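A.B. asks: build the 3D model from these lines:
(2 chains)
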Amino acid sequence: MAQSTQEILEGLAEIVNEETGIDTASVELDKSFTDDLDIDSLSMMTIVVNAEEKFNVRIPDDEVKNLKTVRDAVDFIAAAQG
Amino acid sequence: MSSDTRVVVTGLGATTPVGGTVPQTWEAILAGRSGARPMEFDWVSQYELPVTFAAQIHTPPEQVLAKVETRRLDPSSQYALIAAREAWADAGSPEVEPERLAVAVGSGIGGVWTLLSQWDTLKEKGPRRVYPLAVPMLMPNGPAAAISLDLGARAGAHTPVSACASGAEGMGYAVQLIRSGRADVVIAGGTEAAVHPMPIAGFAAMQALSTRNDDPAAASRPYDTARDGFVLGEGAAIIVLESEAHAKARGARIYAELAGVGMSADAHHITAPEPEGAGASRAMLEAIATAGGTTADVVHINAHATSTPVGDVAEANAIRRAFGALADSIPVSATKSMTGHLLGAAGAVEAIFTILALHHRLAPASINLDSMDPQIALDVVHGSHRQLPAGDLLALDNSFGFGGHNVALAFRSV
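C.D. replies: I've put the predicted structure just below:
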């Protein structure tokens, strides 16, 4: 079932917090995972896999490099949920 | 720097089954408290483990570390990091060039929790769910690397691995790093986190563990006639070692000198100690000789004394072999009676007890020694603590590991 952008953002922020310790409030749509949140590629893979499970979507490895901002990830998940 | 560079202890840190810090742990040792208790995990009954207790960590790392640290580090690294931070603070967080600061922290088994839980994940959920940090978490050098990263140690990060002698070997290696001129300060010790059903089943299969399930606190009883194996423990102990010149230049408090190191290998059997103690006694004598002392200078021994029927006798024979008649009157402490056996951290924990025994001039009493094994001809401190004399003293910390590893550390009072 499709979730709202806000719901996905909140869920994603929880995953990011769990993996990296970054405060959920800092996980904002326009933040870059690498440049703003300082998330490395290993942590990103864990976030992706946890997001797949939480949102019941598939995020192909090739797609991960395109998810530069939090908004990219939220949009991708929303589209994948259809 | 040279081979006669004096190496001193300026900081202590530990997280053990009896305390979350060194002061807590030492207080528990002086109070004679056991850290052994029943394991309250589903897997104990699920696998019908023959041993249902262990000396589990006193203060869970979740209470000390940030959530992200507990998530990204194997428990063995978590314990090491907690102990290293305590030791570093205790040493006064010394100003030292990163290129002159090293780490030497051993582990007997390494990241066994991560290895086996990620194997479970692979089987249950497939390869995509295996944690990307699984390999750096399970590698045995993970604890040394975590400390190196945390404290910015760039002279080298090393991981001696010699089963239950690993922690002592870490400290011995640290002495070499300082004496060879490669570092001024070394964060050294050992860590272990193997309270997991697989290692427990393995140790139980070789009948190394006590099965006194109805009375865990009485299970670790070195030298007692009713001893039936060791009690698995977990935790870490880390000390800050530095050249005496470096310590004095910064006005550091000095607990003791790590004056001598002895190491040998039995080449006898993969697990059984050489029964006459030839290799172990050589390690002790080498430690004393490299400390510039004689057997007559040794006033205290913290024995390896795991509470196994064979091991305790072999060590007693080795002490007798090294010290002759002097062994009649050297107070021996068997602190595993309280902490259990911390495997790769054991030698490091007991090094701290040896250092504190010299520092406070007090050899701690062992517990659970109700009926001395007549095969043991040692002066084992029990019942009450033993005062150590004033003056310039040497004390030994013995550690032995599967594989025939023998390590003895000789500490000198200051």
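A.B. asks: what's around the closest residue to residue A:59 other than its chain neighbours, how many residues?
C.D. replies: Of all residues not flanking residue A:59 in the chain, residue A:48 sits nearest, at 5.1 Å (Cβ to Cβ, 6 or more residues apart in numbering or on different chains). (Glycine included, C-beta is placed from N, CA and C.) Look at residue A:48: counted by other Cβ atoms under 10 Å in any protein chain shown, it has 20 neighbours.
A.B. asks: what sits against residue B:326?
C.D. replies: By Cβ atoms under 8 Å, 6 or more residues apart in numbering or on different chains, residue B:326 lies in contact with B:295-296, B:298.
A.B. asks: now with 7 Å?
C.D. replies: B:295-296 (Cβ atoms under 7 Å, 6 or more residues apart in numbering or on different chains).
A.B. asks: separation between it and residue B:298?
C.D. replies: Here residue B:326 is placed at a distance of 8 Å from residue B:298 (Cβ to Cβ, to the nearest Å).
A.B. asks: could I get the pLDDT score of whichever residue of chain A sits closest to chain B?
C.D. replies: The nearest approach of chain A to chain B comes at residue A:21, 3.4 Å away (Cβ to the nearest Cβ). Each residue has a pLDDT score; the one for residue A:21 is 91.
A.B. asks: same deal with residue B:3?
C.D. replies: pLDDT at residue B:3 comes out at 68.
A.B. asks: going along the chain, name the helices of the chain.
C.D. replies: Went with chain A since none was named. A:5-20, A:41-55, A:61-64, A:70-81 (DSSP state H).
A.B. asks: that was the other one, I meant chain B.
C.D. replies: Taking DSSP H as the criterion, chain B carries its helices at B:22-31, B:42-46, B:67-72, B:75-90, B:112-125, B:134-138, B:142-151, B:166-179, B:197-205, B:244-249, B:278-290, B:309-323, B:336-339, B:346-360.
A.B. asks: with respect to chain A, which of these lies nearest?
C.D. replies: When the helices of chain B are compared (using Cβ to the nearest Cβ), the closest one is helix B:67-72, at 3.4 Å.
A.B. asks: can the closest one be found next to chain A?
C.D. replies: Yes - Helix B:67-72 reaches chain A (Cβ under 7 Å from any Cβ of the partner chain) through B:67-68, B:71.
A.B. asks: looking at those, which has the most residues close by?
C.D. replies: Scoring these on neighbours with other Cβ under 10 Å, the highest-scoring entry is residue B:71 at 17 neighbours.
A.B. asks: can you redo the residues of helix B:67-72 next to chain A as TSV with pLDDT?
C.D. replies: Formatted as TSV, these follow (pLDDT from 0 to 100):
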residue	pLDDT
B:67	89
B:68	90
B:71	92
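A.B. asks: let's have those residues in a markdown table, adding distance to residue B:375.
C.D. replies: Converted to a markdown table, the residues of helix B:67-72 next to chain A look like this (distance: Cβ to Cβ, whole Å):
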| residue | distance to residue B:375 |
| --- | --- |
| B:67 | 50 |
| B:68 | 51 |
| B:71 | 49 |
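A.B. asks: surely residue B:380 is in contact with residue B:364?
C.D. replies: No - using Cβ atoms under 7 Å, residue B:380 is not in contact with residue B:364; the gap is 11.4 Å.
A.B. asks: so those two - more neighbours on which side?
C.D. replies: residue B:364 (27 against 24).
A.B. asks: quick one, what contacts that one?
C.D. replies: B:29-30, B:333, B:335, B:353, B:357, B:381, B:385.
A.B. asks: related to what we said a few turns ago, among the helices of chain A, which is nearest residue B:34?
C.D. replies: Residue B:34 sits nearest to helix A:5-20 of all the helices of chain A, at 36.2 Å, using Cβ to Cβ.
A.B. asks: chain center to that closest one, what's the gap?
C.D. replies: From the chain centre to the centre of helix A:5-20 is a distance of 7 Å (Cα atoms, centre = their mean, to the nearest Å).
A.B. asks: now do stretch B:311-321
C.D. replies: Mean-position distance between stretch B:311-321 and its chain equals 19 Å (Cα atoms, centre = their mean).
A.B. asks: and what of stretch B:154-167?
C.D. replies: Here stretch B:154-167 is found 12 Å from its chain centre; the criterion is Cα atoms, centre = their mean.
A.B. asks: can you list contacts of it?
C.D. replies: B:98-108, B:140-141, B:144-145, B:148, B:169-170, B:173, B:177, B:182-183, B:189-190, B:237, B:341, B:343-348, B:399-403, B:405-407.
A.B. asks: what residues does chain A put near chain B?
C.D. replies: A:19-21, A:42, A:45-46, A:49.
A.B. asks: identify the farthest-apart pair in these.
C.D. replies: Greatest spatial distance in those: A:21 and A:49, 18.0 Å, computed using Cβ to Cβ.
A.B. asks: can you tell which of the helices of chain A is closest to residue B:317?
C.D. replies: That would be helix A:41-55 among these, by Cβ to Cβ, at 50.8 Å.
A.B. asks: quick check: angle from the closest one to helix B:112-125?
C.D. replies: Orientation note: helix A:41-55 sits at an angle of 40 degrees relative to helix B:112-125 (axes from the mean of the first three to the mean of the last three Cα atoms, to 10 degrees).
A.B. asks: could I get the buried residue list for helix A:41-55?
C.D. replies: For helix A:41-55, a neighbour-count test (16 or more other Cβ atoms under 10 Å in any protein chain shown) marks A:43-52, A:55 as buried.
A.B. asks: roughly how far does residue A:19 sit from residue B:311?
C.D. replies: 44 Å.
A.B. asks: now residue B:10
C.D. replies: In terms of Cβ to Cβ, residue B:10 sits 33 Å off from residue B:311.
A.B. asks: near chain A, which residues of the stretch 1-150 of chain B?
C.D. replies: Counting by Cβ under 7 Å from any Cβ, the stretch 1-150 of chain B comes close to chain A at B:66-68, B:71, B:128-129, B:131-133.
A.B. asks: most widely separated two among those?
C.D. replies: B:66 and B:128 (26.8 Å).
A.B. asks: and which of the residues of chain A next to chain B is nearest residue B:261?
C.D. replies: residue A:42 (38.1 Å).
A.B. asks: find the nearest non-adjacent residue to the closest one, please.
C.D. replies: Closest to residue A:42 by Cβ to Cβ, 6+ apart is residue B:132, at 4.2 Å.
A.B. asks: burial of the one you found, as a residue count?
C.D. replies: So residue B:132, with other Cβ under 10 Å, has 17 neighbours.
A.B. asks: pLDDT below threshold where in chain B?
C.D. replies: B:1-3 (pLDDT under 70).
A.B. asks: for residue A:1, report the pLDDT, please.
C.D. replies: 60.
A.B. asks: picking that back up, which of residue B:66 and residue B:128 has more neighbours?
C.D. replies: Neighbours were counted for residue B:66 and for residue B:128 using other Cβ under 10 Å; residue B:128 has more, 14 against 10.
A.B. asks: which residues touch the more buried one?
C.D. replies: residue A:49.
A.B. asks: same deal with residue A:43?
C.D. replies: Neighbour list for residue A:43: A:19-20 [criterion: Cβ under 7 Å, 6+ apart].
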